[in-house]
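# Take a look and give me a structure for this.
(one chain, ligands or ions: 2)
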Amino acid sequence: MTSFKLSLPALLVASAVAITGCNATSKQQETQSAQQVTVKDAKAFLANTETELMALYNEVSRAEWIYANFITHDTSSLSAAANEKMTAAVVRLANEASKFDKLELDEDSRRKLDKLKLALTLPAPQDPAKTAELSKIVAELGGLYGKGKYCKEDGKCLSLGDMTATMATSRDYDELLDIWTGWREVAKPMRPLYEQQVELTNQGANELGYADTGAMWRSKYDMPADDFAKELDRIWGQVKPLYNSLHCHVRAKLGEKYGEDKVPQDKPIPAHLLGNMWAQTWGNIYDVVAPANADPGYDVTELLAKHNYDELKMVRGAEKFFTSMGFAPLPETFYERSLFTKPQDRDVQCHASAWNLDSKDDLRIKMCIQRTGEEFSVIHHELGHNFYQRAYNTQPIYYQESANDGFHEAIGDTIALSVTPGYLKEIGLLDEVPDESKDIGLLMKMAMDKIAFIPFGLLVDQWRWKVFSGEVTPENYNQAWWELREKYQGVASPVARTEEHFDPGAKYHVPGNTPYTRYFLAHILQFEFHRALCEIAGSKESIHRCSVYNSKEAGERLDAMLKMGSSRPWQEALASVTGKPEMDATAILDYFAPLQKYLDEQNKGRQCGW
Ligand code: X8Z
Ligand code: ZN
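Ligands and ions are numbered 1, 2, ... in the order given. The predicted structure follows:
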């Protein structure tokens, strides 16, 4: 399942199947379509399909919700069955939609047909046995991750939540290494399933007219797939110098802490020392790099504890930010039906997700919340999904999605960028706003999360695209993964890995089949949105101190974009807030400009790079 439920859900929800663009229809069908179908037929098809999809979506999303909340053999089976039904239906409808390929149609109907064809994440072949097999694999992979634990020789088992906490707080090289390798054992049994899944879904993509499933994923961005891939490279090129500076400084500080024998100063950083299981965000080791005279002197985790914030109060706090901007409160059912804490007596998919079960207002999150500043941000992230889902719920089902998938991931993060010291003071969490001389500390903490993430956000799908295209074969799965980790992030495995391991599978989105480029995009977009909303709110503060809390003007402009769903190309949605139709990294670079200067100073005389 994806990490949030889109309203085209059945399509988007399920990780199982995907639909594609130009299909390979039979000659006979083509002739028939060219000769017989009319605009009226196309409109009737779209209307009927909408009804069918709504019913399917409801069914599959409930089965998936139950599976994710109670992982058992039986719920796995029920989820697979629902997924299979939906996948088969969407594949059939996508193929049927091709009969209108040559028909001259109004822009809106054409867009709806295109959305339908591209709706699935993993397209299945039309052979029912293969659709069933694929759906079963999808459920099994999800279950392996959700149930995953690291059990030590003494029989004591650690959950991913336990290990996440240790990765964040321990500074003991060997303890970190033990947990890092321990968690990755979970992924080994995924390997044969993943391999089979790739084969099946590629076949599905082929039948729909795509070279492979990766090519289909790249086709979802209102531009030619190859141009989209080039856009990613261009944007990464804009951010890379700042990332390299941060990497250089962090490596130097880790060298001081652990010794240069453990952290060699001309090599990639050992991946277990960065405060996060996947080295994707580094904010948890901020203490290792905190600038001497510019530390802001507060920590959100401590502030939450001091003010008795439990999980519910954290969620209510995040909701309040949205309502301060004029969004209606979440429905009561959100609080009745969501999961906020990890149940002790059963297996749950703890990776945070946001859902809309009925494409209307049955909104929920499922998250094993920990009482930390990091998780407080994740709650804002999840609620961003929910507010988006509700904003577009009056759109036709084809458009009940974000402008592109990066937008969905960016909204809550945009709001979390407004969780500034000024805002924390306003809501009574912080007594005094640190003065500007401490900004470098604040920016460093933020960069450790946001800048550090960007190459990771890019590489996960670089790996999957190569796997789908066959450039990376099962014999090289793990090696290729580590090559990309080194190339983009400059991190390395702390111990030798083999092809017995399947390290990509230790990251939720790989067994969960959630495309990952969306998070790369979101990290660029959120700074663009933040900068634009701050301007709309009339903020006089520098971009990293601005908060749009209470700004109805900013809320209104954001809401208008959210309401569009995916009814228009994302470029138009982007321009409706930022004034420009291109994605661009200048906002993130502006935000961190003072930090870039500081890093340049710090890195003088250091040998950077890996
Ligand atoms: O998966 C998520 C969200 C749910 S959509 C919690 N994120 C990515 C991750 O955890 O790897 C948010 C940022 C990146
Ligand atoms: Zn998300």
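# which one is Lys466 nearest to, not counting chain neighbours?
Closest residue to Lys466 apart from its sequence neighbours, by Cβ to Cβ, 6 or more residues apart in numbering: Val472 at 4.1 Å. Where you see a C-beta, it was placed from the backbone N, CA and C, and this is true even at glycine.
# Which residues are in contact with the residue minimising distance to the centre of the chain?
In the chain, the centroid-proximal residue (Cα atoms, centre = their mean) is Tyr519; its distance is 4.6 Å. Neighbour list for Tyr519: 406, 409, 453, 457 [criterion: Cβ atoms under 8 Å, 6 or more residues apart in numbering].
# Around the residue in the stretch 301-450 of the chain that ligand 1 sits nearest to, how many other residues sit close by?
Closest approach between the stretch 301-450 of the chain and ligand 1, counting by Cβ to the nearest ligand atom: Ala352, at 4.0 Å. Using other Cβ atoms under 10 Å, Ala352 has 19 neighbouring residues.
# Walking through the stretch 251-400 of the chain, point out its helices one by one.
Here the stretch 251-400 of the chain has its helices, by DSSP state H, counting those that start in this stretch, at 286-289, 300-306, 311-324, 332-337, 373-391.
# what comes up buried for the second one?
What that stands for is helix 300-306. Buried residues in helix 300-306, counted by 16 or more other Cβ atoms under 10 Å: 300-301, 303-304.
# what about Trp236, distance to ligand 2?
21 Å (Cβ to the ion, to the nearest Å).
# Sticking with that residue, tell me its helix or strand.
Here Trp236 sits within helix 225-258, counting by DSSP states H and E.
# How far off centre is that helix?
The chain centroid and the centroid of helix 225-258 are separated by 19 Å under Cα atoms, centre = their mean, to the nearest Å.
# Which strands and helices lie in contact with that helix?
In terms of contacts (3 or more Cβ pairs under 8 Å, 6 or more residues apart in numbering; DSSP states H and E), helix 225-258 is packed against strand 269-270, helix 286-289, helix 439-469, helix 517-536, helix 586-591, helix 593-602.
# same for the longest one, what does it pack against?
Which is helix 439-469. By 3+ Cβ pairs under 8 Å, 6+ apart, helix 439-469 packs against helix 190-207, helix 213-217, helix 225-258, helix 286-289, helix 477-484, helix 517-536, helix 586-591, helix 593-602.
# possible to save these as JSON lines with mean pLDDT and distance to Asp439?
Formatted as JSON lines, these follow (pLDDT from 0 to 100; distance: least, Cβ to Cβ, whole Å):
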{"stretch": "helix 190-207", "mean pLDDT": "98", "distance to Asp439": "44"}
{"stretch": "helix 213-217", "mean pLDDT": "98", "distance to Asp439": "39"}
{"stretch": "helix 225-258", "mean pLDDT": "98", "distance to Asp439": "16"}
{"stretch": "helix 286-289", "mean pLDDT": "98", "distance to Asp439": "14"}
{"stretch": "helix 477-484", "mean pLDDT": "98", "distance to Asp439": "34"}
{"stretch": "helix 517-536", "mean pLDDT": "98", "distance to Asp439": "16"}
{"stretch": "helix 586-591", "mean pLDDT": "98", "distance to Asp439": "11"}
{"stretch": "helix 593-602", "mean pLDDT": "98", "distance to Asp439": "6"}
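# The nearest residue to Glu500 once chain neighbours are set aside: neighbouring residues, count only.
Spatial nearest neighbour of Glu500, excluding adjacent residues (Cβ to Cβ, 6+ apart): Lys188 at 6.7 Å. By other Cβ under 10 Å, the residues close to Lys188 number 15.
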